[in-house]
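Trainee: Need a 3D model of the following:
(one chain, ligands or ions: 1)
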Amino acid sequence: MCLKLRLPRAIFLPLVAVCGSLHHILLMRASFLSDLDSMLRPDTMRIIMKTTIKQSAGSAAPDTKQTHFGYETVSGSEKVQRVMGVFSSVASQYDLMNDLMSGGMHRLWKRRLFSLAAIGAGSRVLDVAAGSGDIAIGLSKKMGASGRVVLTDLNGPMLAEGARRVIDVGLLPGRADCIQSDGTRLSFADNSFDCVTIAFGIRNFLDISAGLAEFYRVLKPGGQFICLEFSRPVLPLLDVIYDAYSFNMIPLIGEKVTGDRDSYQYLVESIRRFPDQGRFEKLISAAGFDLVKYENMTGGVVALHRGYKI
Ligand SMILES: C[S@@+](CC[C@H](N)C(=O)[O-])C[C@H]1O[C@@H](n2cnc3c(N)ncnc32)[C@H](O)[C@@H]1O
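Mentor: As a prediction, this is how the structure comes out:
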């Protein structure tokens, strides 16, 4: 069964807002519909329809295994729900907070990702945990009019922000598509993309290795994986300054700007929970990627990892 929607802008925009606020599934059809259909798993449309009805956060059965949500110990199902709660709560202020918290540095980190992305005219790119769409928009500029980018995110309100932005810059319809999907259970067929990217998303996953295995699966042979993520400061004293700033200032800025201190407390704690540069590099290799390497940015506050499906 396959549901195809072609909507005029005037209907599409309000629909995005409604879908986002209800945490409903987003399925934005673009003019490269036939391309995308060949990338989607045959059962995806049914999954999307079912998920719409159930308003599922992505897991089929409750996951009772213990894991962490920041510094708390919770069940897997609770973690997914609480992570979705965080992003639903911050979605409308996400871009402003990114600039405030990083002093605009996130733009430089992302620029480095754009320059290293091995893409060009005609490339097909998947941006996982796409959020408000910065990465998708930057990569699309690099590919030009014949490139295609799919934004995917598990969170409806965040993906709605991304959809709004790709529409505003004229990429949708035509050069971009938005599909709600769990990064650990992607709705795309094997060997579909030339490049898979994820920025500041993977530390929120319930199962990081499952996510990496999915990125590997959907990449074409010869394809490139790039990940930006917070990591461990490697310069003397930077860790002390960074800890002081992030534990004291970030929750405070979050509270003042969004009224939601807890979400920003989670953000800081989730960064400390995520594997350091070296351990993450090994996880990427264990998922099957070759030629894996990383570079530190801002003294290791952020690391950019790359790997290839050969
Ligand atoms: C910090 S934001 C990053 C957004 C964007 N990539 C950027 O760099 O600005 C993290 C994103 O990860 C998404 N996310 C969290 N868990 C996810 C999962 N299991 N699958 C897909 N996306 C997920 C959140 O909804 C959120 O949009």
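Trainee: List, one by one, the residues from the stretch 51-200 of the chain near the ligand.
Mentor: 83, 87, 128-132, 134-135, 153-155, 158, 182-184, 199-200 (C-beta under 6 Å from any ligand atom). C-beta here means a position set from N, CA and C on the backbone, and glycine is covered the same way.
Trainee: out of these, which are inside strands?
Mentor: Among these, DSSP state E puts V128, D153, A199 in strands.
Trainee: which residues does the residue of the stretch 51-200 of the chain found nearest the ligand contact?
Mentor: For the stretch 51-200 of the chain and the ligand, the shortest gap (C-beta to the nearest ligand atom) falls at G131, measuring 2.5 Å. Residues in contact with G131 (C-beta atoms under 8 Å, 6 or more residues apart in numbering) are F87, Y94, D153, N155, M158, L159, E161, G162, F200, G201.
Trainee: circling back: just the buried residues from the residues of the stretch 51-200 of the chain next to the ligand, in PyMOL please.
Mentor: Here is the PyMOL command that selects the buried residues among those (16 or more other C-beta atoms under 10 Å):
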select buried, resi 83+87+128+129+130+131+132+134+135+153+154+155+158+182+183+184+199+200
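Trainee: So which residues of the stretch 1-150 of the chain form helices?
Mentor: Under the criterion DSSP state H, counting those that start in this stretch, the stretch 1-150 of the chain contains helices at 9-21, 33-39, 44-54, 76-90, 94-102, 105-116, 134-143.
Trainee: By mean pLDDT, show me the worst of these.
Mentor: If you rank those by mean pLDDT, helix 44-54 sits at the bottom with a mean of 33.
Trainee: Do you know the pLDDT at the residue of the stretch 51-200 of the chain closest to the ligand?
Mentor: 95.
Trainee: Torsion angles phi and psi at it?
Mentor: Torsion angles at G131 (phi, psi; degrees, to the nearest 10) stand at phi 50, psi -130.
Trainee: would you list the ones in strands among the residues of the stretch 51-200 of the chain next to the ligand in TSV and tack on distance to D177 and pLDDT?
Mentor: TSV is the format used below for those (distance: C-beta to C-beta, whole Å; pLDDT from 0 to 100):
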residue	distance to D177	pLDDT
V128	14	98
D153	12	95
A199	18	98
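Trainee: quick one: strands adjacent to the longest strand seen in the chain?
Mentor: When the chain is scanned for its longest strand (criterion: DSSP E), the result is strand 219-230. Note on strand 219-230: by DSSP bridges, its sheet partners are strand 193-199 (parallel), strand 302-308 (antiparallel).
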